[in-house]
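Q: model the following, please.
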Amino acid sequence: MDVSHILDPLNEAQREAVSAQDKNLLIVAGAGSGKTRVLTHRIAWLVQVEGVSPYSILAVTFTNKAAAEMRGRIEKLMGAPASGMWVGTFHGIAHRLLRAHWQEANLPKTFQILDSDDQYRMIRRILKSLELDESEYAPREAQRFINAKKDEGLRVGKLHDNGDHRLHQLIRIYKVYEEQCQRGGMVDFAEVLLRTHELFNNVPSVLEQYHRRFRKILVDEFQDTNTIQYSLLRLLAGNDSNMFAVGDDDQSIYGWRGAKIENIHQYNHDFSNVRTVRLEQNYRSTKTILGASNALISNNSDRLGKELWTDGREGDLITVYTAFNERDEANFVVQQIIKWVEEGNPRNESAILYRSNAQSRVFEEALLRQQIPYRVYGGLRFFERMEIKDALAYMRLVANRDDDASFERVINTPTRGIGQRTLETIRATASQNKIPLWQASVIVMENKLLPVRAANALHAFLVMMNEMATGCEKLSLHELTEHVIEHSGLKEHYKKEKGEKGRDRIENLDELITAVCDFKQSEEEADLDPLSAFLSHASLEAGEQQGNEWEDCVQLMTLHSAKGLEFDTVFLCGLEEGLFPHQRSINKSGRLEEERRLCYVGMTRAKRYLYISHAEIRYLHGEEIHCTPSRFVSEIPKEYINEVRPMTSLIQSYSHKPRQKSQPAVKIETEITDGLKLGQRVAHTKFGEGVVVNYEGHGSHARIQVNFDYSGSKWLVAAYANLESV
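A: Residues are numbered from 1 along each chain as shown. Sure, this is the predicted structure:
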């Protein structure tokens, strides 16, 4: 048969991976080496050349966006729909399995997925019921503890406090949390995977069913798997495994959220007769960028090993800029972006990358001063916005009155006179009777446990929800959504929030109706009613941390957010010891190596131009400190670097506090005119409040640049500005 359409677009190593006859393969795919192409062409090879049924193929990745892209490429390559094939995220596939086997998994048929925010709210409620002080037991800490234990496959019964009082309390919280979730028919994201793992272990017939079905398992981003995900793959693969794992240990940067780099290193031991294929030809970056990146990552030990190369152009040297301070650093970056755009290049092909979110502020100010549009990548996504979560909570309560998280979210949203005392009475009744909050509310009303005014407010809410549910019974999904938004009072509530924010919220509620209209229920959810199917879809979408579609604006993001992206020009900022690598990682070998991998990921995002910057002085933790360049800068060979010093001889500081005595003294010029300094917060009668960010000259004739909070950047003459210190 003609296989040219599968093999011809591939290089030699890619062809080797796609056409390999081995049962278990590990594809070490370097940055920009075409791993998605290899995955999709491998699937086409299995179906069209080896005659494998699409029904027998399971392809797993980490985001819904990546899964959709993979499915689209497969269908285009094969010229036919990928029907019967399972392509999805770990959570999406596990959710599908639980929907099909809800009884064996000990779940109600209409179980709902608890997102991170609702999980947090539930934990806060549990802390209150256990009389634990939030200042001592932070809800976020308890949330991380629960999710981490689930990711390790550990239930409460397997945990021991060993006399540790704090651990004892965290285990108590976990226990009550599990009980409430089971009672309300709710599962969180970690639970989706753990419950599926337990389903396979506890019901061998279900595991055998899917082991027989999925004869070929393909996994993307294998280096990012955690304990429970890796264990799920091993269970599904069984002893006669057929695994095609694609990953890169040099891009393993999510250890802080449970990813185990050990999994990709352990693969050769846990699966038999593994053949390793290395994809080292890079189609993204210049030879210079790749040479520097290879040199940097070679300082890590215990690597699978590879050397990226390209037959593309040599490219410009990497610019390393030594700034006086972070403001000088930001000004340099912005000036380079201005030149880039003036040469006719799109703004969205330039990205500013940094280790810590807090670093974005000074770059945002610099971009605002130049009126350059920018986007901080990774902001709130649609299903994470407050008004959308409120509407979805009402819809969840229509579908399932026992959903405690949704009940608590909307009982007084919009405000209807149901206060904390009423809620405490309901919670106490629920706790005493071990029933959901809705049922507890009914008991509270029947037993007249509330004052008249509070009882009337609660009664009105219960009646409204019942009438809303009755009114939804014969409506289509989009009509139901519209009905809930109108009758819940959310639209009128947000109309009261004047200005742009209020208008945005109303538009978002309208967009939710559009989202529902566009929603297509999948075949595996055929047994679910449309509302439950959509709510599960919304929860899974909200669980992904991805940005929206880009406009033509400069991209600002953390290095972790940059994984998987690429830009013509990349600015890698703040490369100083203690900042990057982070102070918490410097003295820990494993953590330091992950920081180096993070730097490697940042460098390999650049296609044409790479800038690296560090500051001699940086304002951190309330004081100015002298900085040492990151060791990562010195690990890049000199032949790849063009070093640049600042163009001005004046250090313009804007410190608010004196430098610690232990720091070396440097004379910093800050005074512009009497009582006015750089960094000072001032007020203007017309433009409002702002910060002094720059100046020209001295005394009363000095021109002062002020970045006003609402009026933008303005140049003013000191003698006539009449600025007042704030």
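
Q: for His582, phi and psi?
A: Dihedral pair for His582: phi -70, psi 150, per degrees, to the nearest 10.

Q: isn't it right up against Arg596?
A: No. With contact defined as CB atoms under 8 Å, His582 does not reach Arg596; the gap is 11.6 Å. C-beta coordinates here come from the backbone N, C-alpha and C atoms, glycine included.

Q: higher neighbour count, those two?
A: For His582 versus Arg596, neighbours defined as other CB atoms under 10 Å are more numerous around Arg596 (23 against 16).

Q: wait, a helix at the more buried one?
A: Yes. The assignment for Arg596 (DSSP: H, G, I helix; E, B strand; the rest coil) places it in a helix.

Q: the closest residue to it other than its chain neighbours: which element?
A: Counting by CB to CB, 6 or more residues apart in numbering, Arg596 lies nearest to Asn300, which is 5.6 Å off, once chain neighbours are set aside. Here Asn300, judged by DSSP states H and E, is contained in no helix and no strand.

Q: quick one: least confident helix or strand in this protein?
A: Within the chain, no helix or strand scores below strand 671-673, which has a mean of 65 by mean pLDDT, DSSP states H and E.

Q: secondary structure class for Asp568?
A: Classification of Asp568 by three-state DSSP places it in strand.

Q: and for it, the neighbour number?
A: That count, for Asp568 with other CB under 10 Å as the rule, works out to 15.

Q: ditto for Glu408
A: Neighbourhood size, Glu408 [other CB under 10 Å]: 20.

Q: what does the one 4 residues further on give?
A: As a burial measure, Asn412 scores 16 neighbours (other CB under 10 Å).

Q: any idea what sits nearest it, other than its immediate chain neighbours?
A: If the residues on either side of it in the chain are set aside, Asn412 comes closest to Ile418, at 4.5 Å by CB to CB, 6+ apart.

Q: in the stretch 451-600 of the chain, what residue spans correspond to helices?
A: 452-472, 477-487, 490-495, 499-518, 530-542, 559-562, 589-603 (DSSP state H, counting those that start in this stretch).

Q: low-confidence stretches in the stretch 251-400 of the chain?
A: The stretch 251-400 of the chain contains residues with pLDDT under 70 at 378-382.

Q: and if we set it to 90?
A: Filtered on pLDDT under 90, the stretch 251-400 of the chain yields the residue ranges 254-258, 302, 305, 324-328, 356-371, 373-388.

Q: for it, which segments count as helices?
A: Ranges of helices within the stretch 251-400 of the chain are 261-270, 287-297, 326-342, 360-369, 386-399, based on DSSP H, counting those that start in this stretch.

Q: JSON lines for these, including distance to Arg375?
A: Output for the helices of the stretch 251-400 of the chain, formatted as JSON lines (distance: least, CB to CB, whole Å):
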{"stretch": "helix 261-270", "distance to Arg375": "31"}
{"stretch": "helix 287-297", "distance to Arg375": "24"}
{"stretch": "helix 326-342", "distance to Arg375": "13"}
{"stretch": "helix 360-369", "distance to Arg375": "10"}
{"stretch": "helix 386-399", "distance to Arg375": "20"}
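
Q: these: which one's closest to Arg172?
A: helix 386-399 (27.1 Å; CB to CB).

Q: next structured bit after the least confident helix or strand of the chain?
A: Using DSSP H and E, the next helix or strand after strand 671-673 towards the C-terminus is strand 676-677.

Q: so what strands line up beside that following strand?
A: Sheet pairing here is set by DSSP bridges, and for strand 676-677 it gives strand 671-673 (antiparallel).

Q: output stretch 196-216 as PDB, nothing but the C-alphas.
A: C-alpha atoms of stretch 196-216 as PDB (Å, rounded to 0.1, in the frame of the first residue of the first chain):
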ATOM      1  CA  THR A 196     -10.800   5.400  38.200                       C
ATOM      2  CA  HIS A 197      -7.600   3.800  39.600                       C
ATOM      3  CA  GLU A 198      -9.600   2.200  42.400                       C
ATOM      4  CA  LEU A 199     -12.300   1.100  39.900                       C
ATOM      5  CA  PHE A 200      -9.600  -0.800  38.000                       C
ATOM      6  CA  ASN A 201      -8.100  -2.300  41.100                       C
ATOM      7  CA  ASN A 202     -11.400  -3.200  42.800                       C
ATOM      8  CA  VAL A 203     -13.300  -4.500  39.700                       C
ATOM      9  CA  PRO A 204     -10.900  -6.600  37.600                       C
ATOM     10  CA  SER A 205     -13.600  -7.300  35.000                       C
ATOM     11  CA  VAL A 206     -13.700  -3.600  34.100                       C
ATOM     12  CA  LEU A 207      -9.900  -3.400  33.900                       C
ATOM     13  CA  GLU A 208      -9.800  -6.500  31.700                       C
ATOM     14  CA  GLN A 209     -12.500  -5.000  29.400                       C
ATOM     15  CA  TYR A 210     -10.400  -1.900  28.700                       C
ATOM     16  CA  HIS A 211      -7.200  -3.800  28.600                       C
ATOM     17  CA  ARG A 212      -8.600  -6.000  25.900                       C
ATOM     18  CA  ARG A 213     -10.000  -3.000  24.100                       C
ATOM     19  CA  PHE A 214      -7.000  -0.600  24.100                       C
ATOM     20  CA  ARG A 215      -4.300  -2.600  22.300                       C
ATOM     21  CA  LYS A 216      -2.400   0.500  21.400                       C
END
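
Q: in that stretch, what counts as buried?
A: 196-200, 206-207, 210-211, 214-216 (16 or more other CB atoms under 10 Å).

Q: what's in contact with stretch 389-398?
A: 112, 115, 117-118, 383, 403, 405-407, 409-410, 413, 438, 465, 468-469, 472, 480-481, 484-485, 488, 490, 509, 512, 531, 534-535, 538, 542 (CB atoms under 8 Å, 6 or more residues apart in numbering).

Q: the stretch 1-150 of the chain: strands as residue ranges?
A: Ranges of strands in the stretch 1-150 of the chain, per DSSP state E, counting those that start in this stretch, are 24-29, 57-61, 86-89, 112-114.

Q: also the stretch 151-300 of the chain?
A: Going by DSSP E, counting those that start in this stretch, the stretch 151-300 of the chain shows strands at 186-188, 216-219, 243-247, 274-279.
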